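1. kindly return the folded structure for what I paste below:
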Amino acid sequence: MKLAHALIGFLGVFALSACTTGAAPSTSAPASITLTRTVCFGFCPAYTVTIAGDGQVTYVGRNFVNVIGEQHARISQEAVEALMQRFDAIGFDGLREEYRAAVTDLPTYTLVLERNGSRKTVVDYGGLSAGMPQGVRDLQNEVDRVAGVSRWTLRDGQPVRGPAPER
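-> Residues are numbered from 1 along each chain as shown. Reported below is the predicted structural model:
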């Protein structure tokens, strides 16, 4: 009887293993990082930059930037992975949904991380004075740096303070 059970168990394992493709399951679900910066009472650059898990960068400039509209670039997957590690290092998933100071006329920065089928958003409106960790502001700046947004937001290396000059 024990031999029959062992033989049935072996055949069951063999049958199940025959159903697999032999390929390892994918551990890299689609991922993206999006940073949106809005206008303020002044000359704050307004744009959105999205970095996809494969390194595709999409920028959409709106106000007080050198390039209005959509632009594309590519960064390495290693750079994307390093950014993802920065999110983990500051405990991004455990942060509050928003940090809002009781003031007016500031820009709003919205940072969104999508990975493994989940989405986490942190809104920063004067967040440092509302208890937001400095690491979030550092991460926003790192997203800009890694994506290379200065090529679209700065004019002659300087912030944009008005419309593009006539050519």
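2. nearest residue to the residue positioned nearest the centre of the chain in space, please, no chain neighbours.
-> Central residue of the chain (C-alpha atoms, centre = their mean): residue 33, 1.3 Å from the mean position. Of all residues not flanking residue 33 in the chain, residue 51 sits nearest, at 4.6 Å (C-beta to C-beta, 6 or more residues apart in numbering). Where C-beta positions appear, they are placed from N, C-alpha and C, glycine not excepted.
3. now do the helix or strand that contains the one you found: distance to the chain's middle.
-> Element membership for residue 51, per DSSP states H and E: strand 46-52. Centre-to-centre, strand 46-52 and its host chain are 8 Å apart (C-alpha atoms, centre = their mean, to the nearest Å).
4. likewise stretch 96-105?
-> 20 Å.
5. pairing partners for the helix or strand containing residue 60, with directions?
-> According to DSSP H and E, residue 60 maps onto strand 56-63. As defined by DSSP bridges, the strand partners of strand 56-63 come to strand 46-52 (antiparallel), strand 69-74 (antiparallel).
6. would you list every one of the strands in the protein?
-> For the chain, the strands defined by DSSP state E cover 32-37, 46-52, 56-63, 69-74, 98-100, 109-115, 118-125.
7. which of those sits closest to residue 151?
-> strand 69-74 (8.0 Å; C-beta to C-beta).
8. and that closest one, which residues are buried?
-> Within strand 69-74, the residues scored as buried using 16 or more other C-beta atoms under 10 Å are 71, 73.
9. distance between that strand and the chain's centre?
-> With C-alpha atoms, centre = their mean, you get 15 Å for strand 69-74.
10. show residues contacting that strand.
-> 55, 56, 57, 58, 59, 60, 61, 147, 148, 152 (C-beta atoms under 8 Å, 6 or more residues apart in numbering).
11. still on that earlier bit, I'd like the strands of the chain as JSON lines, with distance to residue 143 appended.
-> Output for the strands of the chain, formatted as JSON lines (distance: least, C-beta to C-beta, whole Å):
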{"stretch": "strand 32-37", "distance to residue 143": "5"}
{"stretch": "strand 46-52", "distance to residue 143": "7"}
{"stretch": "strand 56-63", "distance to residue 143": "10"}
{"stretch": "strand 69-74", "distance to residue 143": "13"}
{"stretch": "strand 98-100", "distance to residue 143": "17"}
{"stretch": "strand 109-115", "distance to residue 143": "7"}
{"stretch": "strand 118-125", "distance to residue 143": "12"}
